[in-house]
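>>> Next comes the sequence, and after it the predicted model I'd like to discuss.
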Amino acid sequence: MYFFHGEEKYLLENSLASLRKTICPEGLGGFNYRRYEGAGLSLEELDDAVNTLPVFSERTLVEIFDFNVFGGDGKERLAGIFSDLPDYVCLVFIFDTIPFKPDRRRKQDADLLKNADAVEFAVQDKNLLVKWIKRHFEDAGKRIGNADAEDLAMITGGYMSALHGEIEKTAAFSKGEVVTRADVDAVVTPVLDAVVYKLTDAIISRENNAAMSILDELLRMREAPHRILYSISLKMRQLLAARVWVENGLDGGSFMDVCGIRYDFQAAPLMKTAKKTNLAKCRSAVLACSETAYLLNSNPEPEECLIELVARLAFLG
């Protein structure tokens, strides 16, 4: 029995595909594969599913998506089912839209976990991600440098599920053997956070025309003004924290932990930008974002509020 959970859906889906291929080589239309949505699954149906004998095979595979294992009723019944699973069943609970939150201090949750392997599919660290990107480009007959692989990871948010499609698209577009940053910029659609990083850096560098151009790009991407403001505000709070870290000579790893930043290639632009400004300006920037958030809720033209905010933030440089 497995509990599959975590943010990296690409790895989770690959592991599921591997299980399916191993246990059900005849395909998913056979008698030995069952899939259920947890919201409508009763404990009686679950009990029947795990106790149904395989047909012309050694095992059955039962997948259950988003079943409230730890927060629902009937935990004693569940513990009884889990403690007496037949040898021929492979039971997988996939936590996709509901969180995986067992409380190991509670005996009931500990009992439910006793006979299971909890597998977390976490977002990969920078080094593993860069190697993965390079390997996938090599599979497509292309090469990419470490710096460009890092940039690709950053502008796609670092998720393999997004990267997989962008790698295929970039490899097909690139005319040479080596994929360049120009190839990436030509075809890859950056995530909102990546564009906001560029915006923040342009503001600090006093590149006001570039900052307005980037804001225009965000609006043309049809991003909701409230979402754009949230991302700008988040970056300004992180920039304030980065400036505190710079002034106090604190460890970069602790900065990432406090700000919830996964990759050092996401933290590096903030640290670089923080060195160009001062603490008072960073604090004023955070306040300006808060004031804009208040105005945005009552303004019939929220885009104008964002343009005004970017103009106000120009003083940061």
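Alright, I've got the coordinates. The model shown is predicted, which means the values in this text are computed figures rather than measured ones.
>>> average pLDDT for stretch 301-317?
Regarding stretch 301-317, the rounded mean pLDDT is 84.
>>> Repeat that for stretch 271-283.
Mean predicted lDDT for stretch 271-283 stands at 88.
>>> Would you mark the buried spots in that stretch?
Neighbour-count burial for stretch 271-283 flags 271, 273-274, 277, 281-282 (criterion: 16 or more other C-beta atoms under 10 Å). No exception for glycine: its C-beta is placed from N, CA and C like everyone else's.
>>> a markdown table please, covering the residues you listed and showing distance to residue 209 and secondary structure.
Shown next, in a markdown table, are the buried residues of stretch 271-283 (distance: C-beta to C-beta, whole Å; DSSP: H, G, I helix; E, B strand; the rest coil):
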| residue | distance to residue 209 | secondary structure |
| --- | --- | --- |
| 271 | 25 | helix |
| 273 | 18 | helix |
| 274 | 23 | helix |
| 277 | 19 | coil |
| 281 | 20 | helix |
| 282 | 23 | helix |
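>>> Can you say which two of these are spatially most distant?
Using C-beta to C-beta, the pair of the buried residues of stretch 271-283 lying farthest apart is 271 and 281, separated by 15.9 Å.
>>> Check which helix or strand residue 67 maps to.
For residue 67, there is no enclosing helix or strand under DSSP states H and E.
>>> same question, the one 3 residues further on
When secondary structure is defined using DSSP H and E, no element contains residue 70, which sits outside every helix and strand.
>>> and the spatially closest residue to it that is not a sequence neighbour, how far is that from residue 118?
Nearest residue to residue 70, sequence neighbours excluded (C-beta to C-beta, 6 or more residues apart in numbering): residue 102, at 4.8 Å. Distance of residue 102 to residue 118, computed by C-beta to C-beta, to the nearest Å: 8 Å.
>>> in the chain, which helix has the most residues?
Ranked by residue count under DSSP state H, the longest helix found in the chain is helix 225-248.
>>> I'd like to know which elements that helix is packed against.
Using 3 or more C-beta pairs under 8 Å, 6 or more residues apart in numbering; DSSP states H and E as the contact test, the elements touching helix 225-248 are helix 192-204, helix 208-220, helix 252-259, helix 264-274, helix 279-296, helix 302-313.
>>> tell me which residues in the last one are buried?
Same thing as helix 302-313. Applying 16+ other C-beta under 10 Å to helix 302-313 flags 302, 305-306, 309-310, 312-313 as buried.
>>> Equivalent analysis for the shortest one, please.
Neighbour counts using 16+ other C-beta under 10 Å place 252, 255-256, 259 of helix 252-259 among the buried residues.
>>> Show me how far it is from its chain's centre.
Mean-position distance between helix 252-259 and its chain equals 18 Å (C-alpha atoms, centre = their mean, to the nearest Å).
>>> now swap in the longest one and tell me
Mean-position distance between helix 279-296 and its chain equals 27 Å (C-alpha atoms, centre = their mean).
>>> likewise the first one?
Helix 192-204 has its C-alpha centroid displaced from the chain centroid by 19 Å (C-alpha atoms, centre = their mean).
>>> Show the contacting residues for the residue lying closest to residue 295 once chain neighbours are set aside.
Nearest-residue entry for residue 295: residue 305, 5.3 Å, with adjacent residues in sequence omitted and distances by C-beta to C-beta, 6+ apart. With contact taken as C-beta atoms under 8 Å, 6 or more residues apart in numbering, residue 305 is in contact with 225, 229, 292, 295-296, 299.
>>> next one: residue 74
residue 43.
>>> same deal with the one 5 residues further on?
Residue 79 sits next to 108, 111-112 when contact means C-beta under 8 Å, 6+ apart.
>>> Same question for residue 90.
1-2, 19, 23, 59-62.
>>> Spatially, which two of the residues you listed are the most separated?
Top of the distance list for those (C-beta to C-beta): 2 and 60, 14.2 Å.
>>> Who has more neighbours out of these two?
residue 60 (24 against 17; other C-beta atoms under 10 Å).
>>> Please name the bridge partners of that one.
Per DSSP bridges, the residues bridged to residue 60 are residue 89.
>>> What of the one 5 residues further on?
According to DSSP bridges, residue 37, residue 94 are recorded as the beta-bridge partners of residue 65.
>>> For it, report the pLDDT, please.
Listed pLDDT for residue 65 reads 96.
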